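Engineer: I'd like to go over a predicted model; first the sequence, then the structure.
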Amino acid sequence: MEFKIYSKALYSTWILFRPERLLFDAGESVSSVLGNSVYAIRDVILTHGHVDHIAGLWGLINTRNVAMGDRKKPLRIIFPRGNRAIKAYLDFIIGMNPRLRYEIVLYPVDPGEKLFLRTAGNFKRWLVPFRVKHTPGEISYGYHIIEERKKLKAEFRSLSSEAIVALVKKHGREYITENFTKKILTVSGDSYALPPEIIEDSETLLHECTFLNGKDRKNQNHSTLEEIVENVRVSKGIKRLILYHISGRYSTRIKRLSKAFIEKLEDRELKIYFVYPEKLFVL
C-alpha cells in the first residue's frame, strides 16, 4: 500500500491511495501538492460535504481538464447519497465548466453497496461504504476496501508440497482452494470513534483523531485518541493504524500527548503513524 495524506482538522483533508488510484476526500491544496499525480486519479471518494473535505474539487477537476493524457478516461466521484452539500457543489462546478474535455461520472452510493475496483491475479477488490456519526443532519460515510483472496482448504493444509502439486495437476487449483474476504483498508472519515465490529480485521485502519486530549472536545462530533486506542485494543487483526485529521493545536505536542495512550498497544504487532497537521505524510 502507498499513501499520500494531507490533513489538518477544520482546514483541509485528502488521502491518495495509490495502488487503486483513489482519492479519499478533496480538501484544498490537493492539486497543487499532487501536481501531475491528479491526472492518474480514477475515483474521488467523498466522506461528507464539509468544506475542508471538498474545497479542492474545483481545482482538481480543472487541473485534469488541461491534462495532456487520454481524455477518454472518466473521473468518477463517489459520495453519500442524499448529501445535498456535495451534490450542490458538484452541480455548480460542472455548470461553471461547460467545456470539460473528459467525462465526470457522479456516483451517489448507499451504505453496504459494493463498488467494483479491479481484478488482478487471484484477487478482486471492491469498495463498501458504511454510515458514520458526525454532525447532525450531515450524511457521512466511512469506507472499506475489501479484497477477495484464495486460501488452501483446511483438509489439504497438512499435505506436503509434492502432494499438493499432484492434486493440482489432477483436479485443478480450484479443487484445493476456497475464497475468503479480507478488509485491507478502512477509512473512517470524520466520525466518532469507530466501534470494534467495524474496524476489526482491517489490515490498515485510517482513523480521524481530531482530539489528542479528550478534555478539548466540546461536542461529540469527532474522535479522541483515548477512544480510538481502546477500540483498537479490543479488536483483532489490525496491522497498521494511521491517525489523521489532528487538530493544529497539537502540532508540537503529538509525541508527548500520545505516549501514555500508545503504550497501551505495545503488546500488539501494530505499526502506528500520526499525520502531522500541515505536513505531507507519505508511506
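Structural biologist: Okay, I see it. Everything numeric here is computed off the predicted structure, so don't read it as measured data.
Engineer: Now do the helices in the stretch 51-200 of the chain.
Structural biologist: For the stretch 51-200 of the chain, applying DSSP state H, counting those that start in this stretch gives helices covering 51-54, 57-65, 84-95, 161-171, 173-176, 196-199.
Engineer: and of those helices, who's closest to Ile272?
Structural biologist: Closest approach to Ile272 among the helices of the stretch 51-200 of the chain (CB to CB): helix 196-199, 13.9 Å. Backbone N, C-alpha and C define where each C-beta goes, glycine included.
Engineer: With only the CA atoms kept, save that closest one in CSV.
Structural biologist: Extracted in CSV, the C-alpha atoms of helix 196-199 (Å, rounded to 0.1, in the frame of the first residue of the first chain):
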residue,chain,number,x,y,z
PRO,A,196,-14.7,-2.7,17.2
GLU,A,197,-17.2,-4.5,14.9
ILE,A,198,-16.4,-2.0,12.1
ILE,A,199,-12.6,-1.9,12.5
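Engineer: Of all the helices of the stretch 51-200 of the chain, which one is nearest Val187?
Structural biologist: So among the helices of the stretch 51-200 of the chain, helix 196-199 is nearest, using CB to CB, at 10.8 Å.
Engineer: Quick check: mean pLDDT of the closest one?
Structural biologist: Taken as a whole, helix 196-199 carries a mean pLDDT of 97.
Engineer: cool, and stretch 107-126?
Structural biologist: Stretch 107-126 comes out at a mean pLDDT of 89.
Engineer: List of residues touching that stretch?
Structural biologist: The contact list for stretch 107-126, computed with CB atoms under 8 Å, 6 or more residues apart in numbering, reads 20, 22, 76-83, 87, 127-131, 141, 145-150, 184.
Engineer: what comes up buried for that stretch?
Structural biologist: By neighbour count on 16 or more other CB atoms under 10 Å, the buried set for stretch 107-126 is Val109, Leu115, Leu117, Lys124, Arg125, Trp126.
Engineer: Kindly report the same for stretch 133-148.
Structural biologist: Within stretch 133-148, the residues scored as buried using 16+ other CB under 10 Å are His134, Glu138, Ile139, Ser140, Tyr141, Gly142, Tyr143, His144, Ile145, Ile146, Glu147.
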